[in-house]
Structure formats: C-alpha cells, structure tokens
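**Q** next comes the sequence, and after it the predicted model I'd like to discuss.
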Amino acid sequence: MTPDQSLLDLSDTFFSVAVALYSVALVSFCAQLAFGRRPARTRELVAAGGVATPTGGADEAPTAERSRRGERWGLIAIGVTVLAALAHAAVLLCRGLATDRLPWGNMYEFATAVVLVAVVVYTVLAVRSPALRHIGVFVLAPVVLGMVGIGLFLYVEGAPLVAALRSSWLGIHVTAAILGFGIFLVSGIASVLYLVRVKDEAKPVEEQGTGFVSRLPSSAALDRLAHRTAVFGFPIWTFAVIAGAIWAESAWGRFWGWDPKETWSFIAWVIYAAYLHARTTAGWRGRPAAWVNVVGLVVMVFNLTFVNLVSSGLHSYGGV
C-alpha cells in the first residue's frame with residue numbers, strides 16, 4: 001500500500017503544533033513556579049521569653065492575590081498541555097491512517113509515542129492532585145527537548161512495516177514497551193526532584209531554599225509519586241519483556257539470545273525490581289532507593305538511544 005502523503009504531511013504539521021503548544025505550556029508552568037505561592041512553613045523558632053515566632057519574615061506569608069495568580073497560571077498550563085497532547089496524539093493517528101498500520105514501526109514513532117504516554121500520565125496526575133502542577137516545568141522541559149530531538153534526529157518518512165515487524169505481536173510487545181517507558185519517565189523525573197527536595201529539607205529552616213525548590217511538593221509527596229508510578233509501570237514492562245521473548249521464539253526460534261536490546265531491557269527490569277524492593281528495605285528507603293530509580297531511567301534512555309543508534313543486533317531493522 002502506498003502511504004497517503006496528505007495524511008503524512010498533516011502528521012508532520014501536528015508534530016510542529018504539538019512542539020509549539022508544549023513550549024507555551026512550559027512557559028506557563030514557569031510562570032506558575034515564579035509567581036505562585038510557596039508552601040507554608042510549619043516549623044517555628046521559640047524566641048527568648050518563650051514567645052513563638054514564625055521562621056520567615058513577612059514575605060513568607062503568600063498573599064491571596066499571589067495564590068490566585070499562581071493558580072491561574074497553573075490552570076492555563078494544564079489546559080495548553082491537554083491541547084498539546086491532543087495534537088501529539090494526532091501525529092500518531094494521522095501517521096497510522098496514512099500507512100494503514102500501528103504507528104510505532106520505527107524509532108521516530110516509538111519515541112513520539114513514549115513522550116505522549118509520559119505527558120498523559122503526568123496530566124492525569126496533575127488534574128487529580130493540583131500540587132503536582134508545580135513540577136510541570138520539570139516534566140515539560142524534557143518533553144520539549146525530547147520532541148525537538150525526535151524531530152531533528154529520528155524522523156523518517158512514513159512507510160509500510162518491514163516484513164519482520166508484520167506480526168500481531170507488534171501491537172502487544174511494542175505497545176507494552178511504550179506504556180512502560182512513558183510511565184517510568186514520569187517516575188524518574190519525580191525521583192530526581194525528590195533528591196533535590198529532600199536535600200533542601202534536611203537543612204535548618206532558615207537555610208532552606210527560597211527559589212523554585214521551596215515551591216516543589218514535599219519530598220514525601222514526590223517519593224510517593226515516584227513509587228506509585230513505578231509500581232504501575234513495572235508489571236507493564238514485565239509483560240513487555242515476556243511478550244518480546246515469545247515473539248522472538250516465533251520469529252527466530254529462541255526465546256532469548258542476549259541481543260543488545262534484549263539484554264538492556266532485562267537490565268532495566270532488574271533495576272526497577274531492585275528499586276521496588278529497596279523501597280521496602282530498611283536502610284535503602286529514601287535517597288538510596290531514589291538513586292536506583294534514577295539509574296533505571298538512565299538505562300531506559302540508553303536503551304532507546306545508544307543501543308538503537310550505535311550497537312547492532314536483531315532489533316536493528318525496526319529501529320525500536
């Protein structure tokens with residue numbers, strides 16, 4: 001089948017629109033972080049004579065106007081992010097209709113879908129928990145950079161699937177991999193922010209940061225976000241690895257051959273299993289566990305980029 005060029009052109013247009021809207025959302029999240037209120041300080045110092053005084057000055061008590069202004073920017077940012085996600089989804093929809101196949105048959109489409117999953121996961125969480133809108137800038141910044149990089153370095157013309165990918169397992173294995181990767185992306189960002197926040201909270205109150213760090217959700221909230229998304233993504237990634245092994249047996253006559261893609265996917269699985277175990281192990285909770293989660297995200301990104309672009313193996317034909 002010859003791809004519908006008009007739909008492919010429309011897909012490319014939606015890609016540009018999505019990047020532009022994500023950039024606007026990023027600026028809005030920056031405005032919310034800059035103009036929104038800080039979380040109220042709860043600790044106090046006891047002055048001489050037993051009179052308790054707040055730890056901060058008058059500027060530590062946010063005005064109602066400042067609070068409303070921050071909320072408005074947050075709502076604008078979420079609204080624009082939703083519009084961007086719709087344009088982002090249209091990129092894949094148009095490409096799939098143009099080629100009459102699932103729109104993740106190459107690295108460009110795979111990476112585009114992973115970023116979309118991350119955006120959708122974050123947006124749903126931010127709508128349910130408004131406090132998470134304060135981390136929007138740290139989610140949207142990698143999204144914008146990722147989309148620009150995908151468009152510049154991974155773009156390929158829409159075309160029918162190569163013979164090796166014409167299998168029903170494409171819709172099972174690769175879809176699960178996309179979902180797992182996108183969820184882990186949000187989890188990893190939350191762990192990075194947790195490490196920043198918990199370091200600041202460990203300082204005496206008067207020495208704690210007064211910039212963007214002070215406006216982040218508490219370290220406990222960020223830790224819960226990282227853990228819960230990892231718990232959600234881990235069984236999906238597990239299924240992706242198992243489905244990949246079954247597809248490999250069908251296509252190549254063996255379940256496992258230590259192909260670079262297989263190897264690094266398994267390494268990522270082990271790291272996330274270690275993270276979830278560490279969260280329940282005394283001595284590994286908190287920072288050590290968060291670092292394990294960050295390493296897991298690094299391995300996932302390494303598997304997507306270096307393993308696909310530099311190494312060669314049985315998965316090289318599809319770029320995924």
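**A** Structure received.

**Q** other residues contacting the helix or strand hosting residue 289?
**A** With elements delineated by DSSP states H and E, residue 289 resides in helix 287-304, which encompasses its position. Outside of helix 287-304, the residues within contact range by CB atoms under 8 Å, 6 or more residues apart in numbering are 107, 110-111, 114, 181, 184-185, 187-189, 191-192, 194-195, 198, 223, 226, 230, 261, 264-265, 267-268, 271-272, 274-275, 278-279, 284. Any C-beta I mention is one placed from the backbone N, CA and C, and that applies to glycine too.

**Q** swap in 7 Å and give it another go.
**A** Helix 287-304 is touched from outside by 111, 181, 184-185, 187-188, 191-192, 194-195, 198, 226, 230, 264-265, 267-268, 271-272, 274-275, 278-279, with contacts defined as CB atoms under 7 Å, 6 or more residues apart in numbering.

**Q** repeat that for stretch 102-122.
**A** 81, 85, 88-89, 91-92, 95-96, 139, 143, 146-147, 150, 154-156, 161, 165, 170-171, 174, 178-179, 181-183, 185-186, 229, 304, 308, 318-320.

**Q** pull the longest helix from this protein.
**A** helix 64-99 (DSSP state H).

**Q** and that helix, which residues are buried?
**A** By neighbour count on 16 or more other CB atoms under 10 Å, the buried set for helix 64-99 is 69-70, 73-74, 76-78, 80-81, 83-85, 87-99.

**Q** then stretch 215-227?
**A** Applying a neighbour-count criterion of 16+ other CB under 10 Å, the buried positions in stretch 215-227 are 215-217, 219, 221-223, 225-227.

**Q** could I get the residues you listed as a markdown table with distance to residue 26, pLDDT and secondary structure?
**A** Converted to a markdown table, those look like this (distance: CB to CB, whole Å; pLDDT from 0 to 100; DSSP: H, G, I helix; E, B strand; the rest coil):
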| residue | distance to residue 26 | pLDDT | secondary structure |
| --- | --- | --- | --- |
| 215 | 16 | 83 | helix |
| 216 | 16 | 87 | coil |
| 217 | 18 | 90 | coil |
| 219 | 24 | 92 | helix |
| 221 | 22 | 94 | helix |
| 222 | 20 | 95 | helix |
| 223 | 25 | 94 | helix |
| 225 | 19 | 96 | helix |
| 226 | 21 | 96 | helix |
| 227 | 26 | 96 | helix |
